[in-house]
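[1] okay, here's the prediction I keep looking at, along with the sequence it came from:
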Amino acid sequence: MISRRSLLAMLPAALPAAQAQSRFTDGEAHGDPPYLIEPGWTPLFNGTDMAGWEASGGKPQQWITTKAVRWNRTGNPQHLGVRSEPGGTIVNTARGYVNNINTTQKFGDMELYVDFMVPRGSNSGVYLHGLYEVQIFDSYGSWEPMSVVDGGAIYHRWIDEQGVGGSAPRVNANRRPGEWQSYYIWFRGPRFDAAGKKTENARFLKVLQNGITVQENVEIDGGTRAHLPIAEAAQNPLMLQGDHGPVAFRNLYWRPLRKMIHA
C-alpha cells in the first residue's frame, strides 16, 4: 500500500500553500475553473469548428459545434437539443450514437479540465491517452452503491469477455441530467525503459467531479473497455466517446502535469 507521504509526493505543486491545502486536503476545488485563474492552460477546441479532432479509427467525423444546448425534461428527456448556429460547444448530435473522436495531438502527463452535459440515461467517457476511461453516466439520484459503470468511475478493462478491475467513485457527485458538470483530472502516463518495456503503469493521481474528489491515486495496468486500438505509450491522443448516447462538451483545456513535490 502506498503511503500518504508517497502519494503527496506524486501530487503536482504550483499553488500557494493556502490553495494547495484547500484543494488537496479537503477533497474539493473552490472558486472558478483552473484555466481561468492559473497559467499554462491551452484550449483543445477553438470554439468554431472541429479542427484538431478526428473520428477514431478513420471513420467519418459526425460531431457538430453549436452555440447552445438544451435538455427538455418532458419532451425528449433522452435527447439534447442544439442550436443550429456553430459555437463553443461540441455535441454528438441531438440523438447521440455517432463515432468516437480523438485529438490529432498526443499528450504525456497532463492535467485536463472539461465541462460536459448528458440527458437522462446517457453514457459517454473521457479517455486519457485514448486508453484509460473516466466514465460519464447519468448516475444522479442513484441509491445503489457506486460501481465502475457510474459517473466518476475509472472504467474496467475487458478481458476474456468480462469486466476486470476499474475503480468506483468515492461518492456520487453527479448532477441532474441537463446540468453542466466538470472533470478536473491529474494524469500520469505509463513509464518505459530504453528498450520500450513498461516499467510503471499509468495512474490517475486525482479526479475531481464537480469540484469533489471521486478518484485518487488509481493505477491502471492497461486500456479500459472500448479504448482506441493503440498500444500504451509515453504519449497518446485524448478520446471522447460518442457512440453510447448524447453528450455535449465545452471548455476543454489541458496543460502539462505540474512539477511534482519530492519527499
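    Cool, got the structure. Numbers count the residues shown, from 1 in each chain.
[2] in the protein, what helix or strand scores lowest on average pLDDT?
    helix 17-25 (a mean of 34; mean pLDDT, DSSP states H and E).
[3] tell me which helix or strand comes right after it.
    helix 34-37 (DSSP states H and E).
[4] verify the stated contact: Val149 with Ile136.
    No: here Val149 does not reach Ile136: they are 10.8 Å apart, not a contact under CB atoms under 8 Å. Glycine gets a C-beta too; all of them are placed from N, C-alpha and C.
[5] tell me which of those two has more neighbours.
    Neighbour count, other CB atoms under 10 Å: between Val149 and Ile136, Ile136 has more, with 30 against 15.
[6] can you give me the strands in the stretch 1-150 of the chain?
    Taking DSSP state E, counting those that start in this stretch as the test, the strands found in the stretch 1-150 of the chain are 42-43, 53-55, 64-66, 69-72, 76-82, 89-91, 101-103, 110-117, 123-128, 132-137.
[7] show me the shaky parts of the chain.
    Along the chain, the parts satisfying pLDDT under 70 run over 1-27, 259-263.
[8] what about the residue of it most remote from its centre, helix or strand, and which?
    In terms of distance from the mean C-alpha position of the chain, Ala195 ranks first, at 30.4 Å (CA atoms, centre = their mean). For Ala195, there is no host helix or strand (DSSP H and E).
[9] can you check the one 10 residues further on too?
    With elements taken from DSSP H and E, the one containing Leu205 is strand 202-209.
[10] could you dump that strand to PDB, C-alpha only?
    What follows is strand 202-209, C-alpha atoms only, in PDB (Å, rounded to 0.1, in the frame of the first residue of the first chain):
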ATOM      1  CA  ALA A 202      -0.500   4.800 -15.900                       C
ATOM      2  CA  ARG A 203      -2.000   6.500 -12.800                       C
ATOM      3  CA  PHE A 204      -4.900   8.900 -12.100                       C
ATOM      4  CA  LEU A 205      -3.400  11.000  -9.400                       C
ATOM      5  CA  LYS A 206      -6.700  12.700  -8.700                       C
ATOM      6  CA  VAL A 207     -10.100  13.200 -10.400                       C
ATOM      7  CA  LEU A 208     -12.500  16.000  -9.200                       C
ATOM      8  CA  GLN A 209     -16.100  15.700 -10.400                       C
END
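[11] out of the strands of the stretch 1-150 of the chain, which gets nearest to Glu28?
    Of all the strands of the stretch 1-150 of the chain, strand 110-117 sits nearest to Glu28, with 15.0 Å by CB to CB.
[12] now the closest one against strand 132-137, angle please.
    Put simply, strand 110-117 runs at 20 degrees to strand 132-137, going by axes from the mean of the first three to the mean of the last three CA atoms, to 10 degrees.
[13] check which helices and strands strand 110-117 is in contact with.
    Packing partners of strand 110-117 (3 or more CB pairs under 8 Å, 6 or more residues apart in numbering; DSSP states H and E): helix 34-37, strand 123-128, strand 181-188, strand 248-256.
[14] how many residues are close by Pro145?
    Should you count by other CB under 10 Å, Pro145 turns out to have 8 residues around it.
[15] and it, what does it touch?
    Listed by CB atoms under 8 Å, 6 or more residues apart in numbering, the contact set of Pro145 reads Ala168.
[16] how about the strands of the stretch 1-150 of the chain in a markdown table, adding distance to Trp180?
    Output for these, formatted as a markdown table (distance: least, CB to CB, whole Å):
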| stretch | distance to Trp180 |
| --- | --- |
| strand 42-43 | 17 |
| strand 53-55 | 20 |
| strand 64-66 | 14 |
| strand 69-72 | 9 |
| strand 76-82 | 12 |
| strand 89-91 | 10 |
| strand 101-103 | 20 |
| strand 110-117 | 5 |
| strand 123-128 | 14 |
| strand 132-137 | 12 |
